Structures are given as structure tokens and as C-alpha cells.
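# Quick one, structure for this:
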Amino acid sequence: MAPNAEAYLRRVDRELRALELRIYRLTLTEVHRAFAVIRAHLATLPDDALSRPLAYKLLRPRLEDALVPLNDGLASLLALELWNFQRRARALAARYAGTADPNAPLAYPAEIMRRVRFLGRSLDAYFRRQSPSQFMAEILRIADRTIQRGLLEGTPTADLLQQVLPEVTRRGQPTLVIRRGTVAHAALTRINALITAAVWDHFTRESRPVWQSAPNISYWEWHAVLDPRTCPVCRPLDGQRRSTPTDFPSIPPVHPHCRCAILPVFT
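Now for the predicted structure:
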């Protein structure tokens, strides 16, 4: 990796991680609130083994409803934060290409949500509520795995609640917390992957037209941020070169948490 490309990508990584952290922190309260409501609904489950499956089936629509504010809030937050970052993404791309900052009109938030993709779908489609949205369905599946296993194993309701969103005592007061190994933490991990993928996909989509408009491009080179977090999929691709970005087998981000970029190399 050329030193200028390495330094540039590390700077991009720092700025995008700051944006990811901001979105993550703003989402944390909504995640906690959603799982507090889910926990309250699950607390009504009886311990009787025969009646629990039906009781849980009847509760399922309420769990879905509890995720609606999180779904809509995260979608709105991503739209706003990605829109705010547009100009900065283009400025970073122009600095690398050695061109003037582009003065192209900014896309509206709704247009950004239609462009940016996660797992092959636009964010607009991913969050669109179709009873439920794909986002809500994935979070519900995470919860289902633990809850259904608990029902099969006869886990008492009180213990099941601790596996969803634990209650601890702090300063003499009962407090709900998100801890590793719980359903709420697994959902938060999934949301973090979504945020990272969306931010990097947005940056790539805003940057590529700026790079392509630069003169004297010799070829395009795959660059991965090489550190202990680099995955075995992306590490071997680092340094590979093609005539155009579309000549690569895929366009970054290629997976959740991907931090790769296809950068032009100039003569």
C-alpha cells in the first residue's frame, strides 16, 4: 500500500469510526427502552410449561410493537447523520484525488436511504415497516432463539428475563442493564454492524464519483485497513489492482464491519 493511500485510509477510518460511535451512542437509549418494554411483556409469561408456548405466541405482536420506535428512530438518525456527512465525505475524496472540492448538490436524506445498502438491500427497504420491517424481524429472531430455548428447557420466567435484559442492584436501586451474553447485547451488536456497514457504504458512494472525475488514473487498487480487526476475507485482497472498480469481484463494504476501499492510483 502506498504511504499516501495508507495515511488517507487511516484518516478516513478515524473519521468514520467517530461518526459510527456518535450514531451508536444516540441509538443506545432507544435499544435499552425497547428491551425494557419487551422485558415487561415477557414478565407476564406463566411458569406453567403447558400454557407458556401459547402465552408467548399471544405476546409476539406486542414484542414487535415494542421495536417500532427503535426501527423508526434508527432509520431517521441514519438518514440525518449520513446526510450531514455528505460534504465531508466528498471533501475527503477530493483531497486524496488532488482535485477541488466538488460543488454538486447534496442528496436528500430519503435519497440517501434509497442508495445506501446493507446486506444487499437499501436502508429504505430494510427499515420499511411491512409488519414487521426486515430490521425488526432480525431483532425478533435474536430474541426468539433465547426465549424459545428457555420455553423448551423450562427456564423460569424470572431467569428468562435476566437473559433478555438483566436487572441488577445499583446504589440500592433495581436497574436494567445491557450485558454481554444477553439478548439486548446481541441485538446491539447487530445494530453496530449495521451502522458500520451503512457509514462505509455511504462514504464509498459519495467518494467514487469524485475519484472517477480525477485525471490520470492508471488503475484502481483494493485497500484494507490493516490492523488486528482486519478479517481473513479482506486481508488477502489488500493491494490487488484492476482497471476499473467494477473489475473486482465485489465492491466494499463486502460484509458487516468491512473497512475496505477501492482507491484510484494516479500517474
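
# any weak-confidence spans in the stretch 101-250 of the chain?
Applying pLDDT under 70 to the stretch 101-250 of the chain flags residues 102.

# For the residue sitting nearest the centre point of the chain, which non-adjacent residue is closest in space?
For the chain, L194 is the residue whose C-alpha lies nearest the centre (Cα atoms, centre = their mean; 1.3 Å). Spatial nearest neighbour of L194, excluding adjacent residues (Cβ to Cβ, 6 or more residues apart in numbering): F118 at 5.6 Å. (C-beta placed from N, C-alpha, C; glycine too.)

# All the helices of the stretch 51-200 of the chain, in order from the start?
Taking DSSP state H, counting those that start in this stretch as the test, the helices found in the stretch 51-200 of the chain are 52-66, 68-97, 109-115, 123-127, 134-153, 157-164, 183-212.

# Surely the residue nearest to the centre of the chain is in contact with P256?
Yes: look at L194 against P256 with Cβ atoms under 8 Å: they come within range, at 7.1 Å.

# ok, back up a step: please list all residues in contact with the residue nearest to the centre of the chain.
Taking Cβ atoms under 8 Å, 6 or more residues apart in numbering, we find L194 in contact with F118, F135, P256.

# among these, who's most crowded?
In terms of neighbour count, F135 stands highest of the contacts of L194 at 24 neighbours, by other Cβ atoms under 10 Å.

# what about A261, distance to I251?
As judged by Cβ to Cβ, to the nearest Å, A261 and I251 stand 10 Å apart.

# shared neighbours of those two, anything?
With Cβ under 8 Å, 6+ apart as the test, A261 and I251 both reach T204.

# Just give me the longest helix of the chain.
helix 3-42 (DSSP state H).

# Identify the contacts common to L194 and P256.
Overlap of the contact sets of L194 and P256 (by Cβ under 8 Å, 6+ apart) consists of F118.

# one step back: between A261 and I251, which is the more surrounded one?
When neighbours are counted by other Cβ under 10 Å, A261 comes out ahead of the other of A261 and I251, with 27 against 16.

# wait, what's in contact with I191?
Applying Cβ under 8 Å, 6+ apart, we find I191 in contact with Y24, T27, V31, L74.

# and which of these is nearest Q162?
The nearest member of the contacts of I191 to Q162, counting by Cβ to Cβ, is V31 at 17.3 Å.
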